[in-house]
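Trainee: what's the 3D shape of this:
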Amino acid sequence: MVALAEALRPALLRASRQLRREAQKAGVSALDAQLLMVIRKNPGVGAGELADREQMTRPSMSGHVKRLEAAGWIERDPAGSEDRRRVGLRLTGAGQTALEAIRRRRNDWLAARLGALSPQARDALAAAIGPLGHLAGDR
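Mentor: All right, here's what the predicted structure looks like:
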């Protein structure tokens with residue numbers, strides 16, 4: 001298992017690094033992209049819960065939320081909570097547009113690389129999607 005891990009890890013890291021670069025080319029940092037995706041999947045999530053999910057301090061997350069809000073990518077939504085002190089976050093149209101730009105750039109980069117592979121290599125990668133997702137914590 002250690003030999004497989006040693007061979008697989010560098011390839012996964014290089015691919016991940018390149019996908020982060022594609023997000024930056026779209027004008028969004030990798031962290032911003034991650035936060036926008038979490039907020040899109042969990043509309044109404046609070047900043048505290050977001051900090052817990054991303055394993056960040058709440059003051060640090062507060063700064064990120066303020067920056068995303070100033071960029072016009074997210075907005076606060078007090079209507080989604082019975083507790084008036086709690087304010088949830090949701091994506092704006094501009095935030096959705098930013099996420100779409102990232103997705104498009106990443107997919108274009110990946111599709112170009114996949115197109116250069118043999119059909120057998122693409123089939124092997126397709127077969128690995130499930131196990132790779134499991135490794136990454138998808139259930």
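Trainee: going forward, measure contacts and count neighbours with C-alpha atoms only.
Mentor: Fine.
Trainee: count of neighbours near residue 125?
Mentor: 13 (other C-alpha atoms under 10 Å).
Trainee: buried sites along the helix or strand it falls within?
Mentor: Per DSSP states H and E, residue 125 falls inside helix 119-135. By 16 or more other C-alpha atoms under 10 Å, helix 119-135 has no buried positions at all.
Trainee: and what of stretch 22-40?
Mentor: 22-24, 26, 28-30, 32-33, 35-36, 38-40.
Trainee: residue 105: neighbour count?
Mentor: Neighbour tally, residue 105, other C-alpha under 10 Å: 19.
Trainee: what strand or helix carries it?
Mentor: Here residue 105 is assigned to helix 93-115, by DSSP H and E.
Trainee: buried ones in that helix?
Mentor: For helix 93-115, by 16+ other C-alpha under 10 Å, it's 95, 96, 98, 99, 101, 102, 103, 105, 106.
Trainee: one step back: just the ones in helices from the buried residues of stretch 22-40, please.
Mentor: Taking DSSP state H, the ones among these that sit in helices are 22, 23, 24, 30, 32, 33, 35, 36, 38, 39, 40.
Trainee: turn those into JSON lines, including pLDDT and distance to residue 3.
Mentor: Putting those into JSON lines (pLDDT from 0 to 100; distance: C-alpha to C-alpha, whole Å) gives the following:
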{"residue": "22", "pLDDT": "90", "distance to residue 3": "30"}
{"residue": "23", "pLDDT": "87", "distance to residue 3": "31"}
{"residue": "24", "pLDDT": "90", "distance to residue 3": "33"}
{"residue": "30", "pLDDT": "87", "distance to residue 3": "29"}
{"residue": "32", "pLDDT": "92", "distance to residue 3": "34"}
{"residue": "33", "pLDDT": "92", "distance to residue 3": "32"}
{"residue": "35", "pLDDT": "95", "distance to residue 3": "34"}
{"residue": "36", "pLDDT": "96", "distance to residue 3": "36"}
{"residue": "38", "pLDDT": "95", "distance to residue 3": "34"}
{"residue": "39", "pLDDT": "96", "distance to residue 3": "37"}
{"residue": "40", "pLDDT": "96", "distance to residue 3": "38"}
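Trainee: since that was my last question, I'll sign off now.
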